[in-house]
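Trainee: Here is a sequence with its predicted model. Questions after.
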Amino acid sequence: MQWYYTENGTQQGPVSGEQMTALIQSGRINSQSLVWREGMANWLPVAQVPELSAHAQSGPPATPQSPYQTPTSAPPQGMHVGADIPNYLWQSIVVTLMCCLPAGVVAIVYATKVDRLRFAGDQAGAQAASQSAKTWCWVSFGVGLAGLVLYFGFVFLAVLSEGRSTGY
């Protein structure tokens, strides 16, 4: 079984179970250090992993431990790093196709940045891109809705005007 861990803000590993135990017992990794292996949904502190917690020393980490920094290698497939931040990608695509192309394209650009920034460790940037994608989705929706209202208003006025000129 291969383990990954964070050290000085970067992802380390893979290491074997024996190597992980040795790292914990040496104090290089403590109970608050974050670890992950295949089969785990997310990174967890050593203290919350039953097979490792018995070996851990308690106390705060000597250095900041975070899986959110730029990893030295890509996270394992299917792994979620950081908080779940909505990317609004499907909404951006829908409003681009159905409402307003220019504003929708801007929404798509911001939506595609969210996951890349989140995995690179830039949580604030990912949150800002998410908020921008959401804003541009609403702008695109609003412009599309306003366009529909104007279109049907002009059609209604044209029909009303046509009706008056023919005497109906």
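Mentor: Now that the structure is in, tell me what you want to look at.
Trainee: Could you use CA atoms for every contact and neighbour count after this?
Mentor: Will do.
Trainee: Could you list the domains of the protein?
Mentor: 1-76, 89-166 (automatic domain parsing).
Trainee: Flag whichever of those domains has the least confidence on average.
Mentor: Among the domains of the chain, domain 1-76 carries the lowest mean pLDDT, at a mean of 75.
Trainee: hmm, back to that, TSV please, covering the domains of the chain and showing mean neighbour count.
Mentor: Formatted as TSV, the domains of the chain follow (neighbours: other Cα atoms under 10 Å):
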stretch	mean neighbour count
domain 1-76	17
domain 89-166	18
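Trainee: the helices in this structure, which residues?
Mentor: Assigned by DSSP state H, the helices in the chain fall at 17-25, 50-53, 89-98, 101-119, 123-166.
Trainee: Relative to Ser33, which of those is closest?
Mentor: Ranking the helices of the chain by proximity to Ser33 (Cα to Cα) places helix 17-25 first, at 9.3 Å.
Trainee: Centre of the chain to that closest one, how far?
Mentor: Distance, stretch centre to chain centre, for helix 17-25: 31 Å (Cα atoms, centre = their mean, to the nearest Å).
Trainee: likewise stretch 25-44?
Mentor: Worked out by Cα atoms, centre = their mean, stretch 25-44 lies 22 Å from the chain centre.
Trainee: Just give the nearest non-adjacent residue to Gln91, would you?
Mentor: The shortest distance from Gln91 to any non-neighbouring residue, by Cα to Cα, 6 or more residues apart in numbering, is to Cys137 (6.8 Å).
Trainee: what's that neighbour in contact with, if anything?
Mentor: Cys137 makes contact with Gln91, Ser92, Val95, Ala103, Gly104, Ala107 under the criterion Cα atoms under 8 Å, 6 or more residues apart in numbering.
Trainee: what's the distance between the first one and Gly27?
Mentor: This means Gln91. 47 Å (Cα to Cα, to the nearest Å).
Trainee: cool, and the fifth one?
Mentor: Going from Gly104 to Gly27 by Cα to Cα gives 51 Å.
Trainee: The last one too?
Mentor: Here Ala107 is placed at a distance of 46 Å from Gly27 (Cα to Cα).
Trainee: before we move on, what about the fourth one?
Mentor: Using Cα to Cα, one gets 52 Å for the distance from Ala103 to Gly27.
Trainee: ok, so of the contacts of Cys137, who is nearest Arg116?
Mentor: Ala107 (15.2 Å).
Trainee: can you pull the contacts of the closest one?
Mentor: Here Ala107 is in contact with Leu89, Ser92, Ser132, Ala133, Lys134, Thr135, Trp136, Cys137 (Cα under 8 Å, 6+ apart).
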